[in-house]
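Peer 1: coordinates for the following, if possible.
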Amino acid sequence: MVRFVKNISLSILLSFFLLSCGVAKEKFPPVDGNVLPISYSSLLEIVECDGYTVVDIADPWGSETLQRYILVPSASELPANLPQGVLLRTPLESVLLFSGVHAGLLCELGVENAIKGVCDAQYMYNDAVAYGLANGTVVNCGSSLNVDSESLLQVSPDAVFVLPYENGGFGKLENLGYPLVLCADYMETSPLGCAEWMRFYGRLLGKPTTCDSLFNVVRVQYEALRDSVKLIGENPGLMCELKSSSAWYVPCGESTMGRMYADAGADYLFSWCKGNGSVPLSYEVVLDKAVDADVWLLKYNSEQDKTYQSLISEFGGYAHFKPYKQRNIYACNTSRKRIFEETAFRPEILLKELVSIFHPDIVPDYTMRYYEKMY
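Peer 2: Got it, this is the predicted structure:
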């Protein structure tokens with residue numbers, strides 16, 4: 001989902017600064033069992049063994065395994081001679097979340113009661129989390145920069161869902177004894193690769209069959225819409241996002257958003273940027289590459305909706321781009337629209353919206369859920 005590294009939520013950015021020691025990476029020996037077919041994820045391997053499930057997460061930044069998890073049902077006795085790895089008794093009944101993206105998935109699976117604590121609560125826009133914080137069933141564990149130890153003790157989670165980064169660790173959190181689930185889904189290089197992580201999370205939360213079936217629905221709908229767009233011969237030139245301070249962050253061509261823009265039938269003008277996250281570009285480079293773009297998509301977080309007038313008052317250079325001149329900008333105010341929380345694991349929903357912008361004839365009568373045409 002940066003699977004929108006810059007855009008998923010500010011909590012993800014804040015988590016970067018929490019890193020102070022490296023996450024251990026090892027080469028685990030293979031295990032015997034039934035290897036589940038993985039369709040799109042490049043980072044997951046799931047093996048069902050006798051009495052337990054082994055999940056390996058590949059290191060997105062290297063050749064070793066980022067982490068291995070051993071999932072054993074809580075109702076069962078521990079099998080003898082379990083392989084090395086982080087032991088998790090499933091289903092998890094109490095979790096601490098660092099990202100609203102995962103809160104959205106837990107709610108969709110009907111296990112929102114497992115959310116017992118969150119960090120960076122001010123950036124959690126999930127209704128169930130907000131309700132839990134208000135009535136005391138969800139604990140605010142402070143900043144992901146520095147998790148509050150007393151609040152963490154109050155939650156006593158079965159696992160903490162954290163966001164790993166290259167050569168990064170999680171400070172004192174690593175020494176408190178709670179299992180850390182390294183949510184590297186955002187480092188996948190395709191929207192469906194990210195979505196397939198629901199199969200791992202489903203096994204953690206006691207919903208394996210539900211998640212396998214849901215992913216199959218997501219995959220079929222996404223592929224059908226993507227394939228219909230391939231029949232279109234002409235694609236609009238696309239630019240995205242806004243200048244932030246001295247840099248203009250855009251998704252790389254190999255990122256989940258870069259791939260989704262292509263799947264939706266856009267000529268993404270920054271597809272040449274290498275990597276699977278976001279990259280900072282200068283205004284001059286963006287102007288050179290996208291001055292004649294046809295469509296401009298942007299996301300922002302603000303109490304007030306942006307307009308063409310407010311945009312130009314922020315930075316006069318925006319006026320040079322064709323979508324500004326021709327009034328063809330589509331904006332998503334993430335303070336009101338749950339685009340990150342709702343679409344990270346349901347990319348077919350966002351794909352349909354993007355197709356409605358780039359090729360409206362393919363999805364006639366579609367009503368946009370996240371983006372609005374700027375006025």
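Peer 1: tell me the buried residues in stretch 224-235?
Peer 2: Residues L225, R226, V229, N235 are the ones in stretch 224-235 that count as buried (16 or more other C-beta atoms under 10 Å). In this view, the C-beta of every residue, glycine as well, is placed from N, C-alpha and C.
Peer 1: narrow the residues you listed to those in helices?
Peer 2: L225, R226, V229 (DSSP state H).
Peer 1: ok, now how distant is the last one from Q221?
Peer 2: Separation of V229 from Q221 (C-beta to C-beta, to the nearest Å) stands at 13 Å.
Peer 1: how about S156?
Peer 2: For S156, the distance to Q221 - C-beta to C-beta - is 39 Å.
Peer 1: which one's more surrounded, those two?
Peer 2: Q221 (16 against 12; other C-beta atoms under 10 Å).
Peer 1: okay, and that one sits in which element?
Peer 2: For Q221, the enclosing helix or strand under DSSP states H and E is helix 208-229.
Peer 1: show the subsequent helix or strand relative to that helix.
Peer 2: strand 237-240.
Peer 1: could you export the helix holding Q221 as PDB, CA atoms only?
Peer 2: Only the C-alpha atoms of helix 208-229 are listed here, as PDB (Å, rounded to 0.1, in the frame of the first residue of the first chain):
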ATOM      1  CA  PRO A 208      -8.600 -18.100   7.100                       C
ATOM      2  CA  THR A 209     -11.500 -19.400   4.900                       C
ATOM      3  CA  THR A 210     -13.200 -16.000   4.900                       C
ATOM      4  CA  CYS A 211     -10.000 -14.200   3.800                       C
ATOM      5  CA  ASP A 212      -9.100 -16.800   1.100                       C
ATOM      6  CA  SER A 213     -12.600 -16.400  -0.400                       C
ATOM      7  CA  LEU A 214     -12.600 -12.600  -0.100                       C
ATOM      8  CA  PHE A 215      -9.200 -12.400  -1.800                       C
ATOM      9  CA  ASN A 216     -10.500 -14.500  -4.600                       C
ATOM     10  CA  VAL A 217     -13.400 -12.100  -5.100                       C
ATOM     11  CA  VAL A 218     -11.100  -9.100  -5.000                       C
ATOM     12  CA  ARG A 219      -8.700 -10.800  -7.500                       C
ATOM     13  CA  VAL A 220     -11.400 -11.700 -10.000                       C
ATOM     14  CA  GLN A 221     -13.100  -8.300  -9.900                       C
ATOM     15  CA  TYR A 222      -9.700  -6.400 -10.200                       C
ATOM     16  CA  GLU A 223      -8.500  -8.600 -13.100                       C
ATOM     17  CA  ALA A 224     -11.700  -8.300 -15.000                       C
ATOM     18  CA  LEU A 225     -11.700  -4.500 -14.800                       C
ATOM     19  CA  ARG A 226      -8.000  -4.300 -15.500                       C
ATOM     20  CA  ASP A 227      -8.400  -6.500 -18.600                       C
ATOM     21  CA  SER A 228     -11.300  -4.400 -19.900                       C
ATOM     22  CA  VAL A 229      -9.200  -1.300 -19.800                       C
END
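Peer 1: list the contacts for L92?
Peer 2: A114, D158, A159, L204, L205, G206 (C-beta atoms under 8 Å, 6 or more residues apart in numbering).
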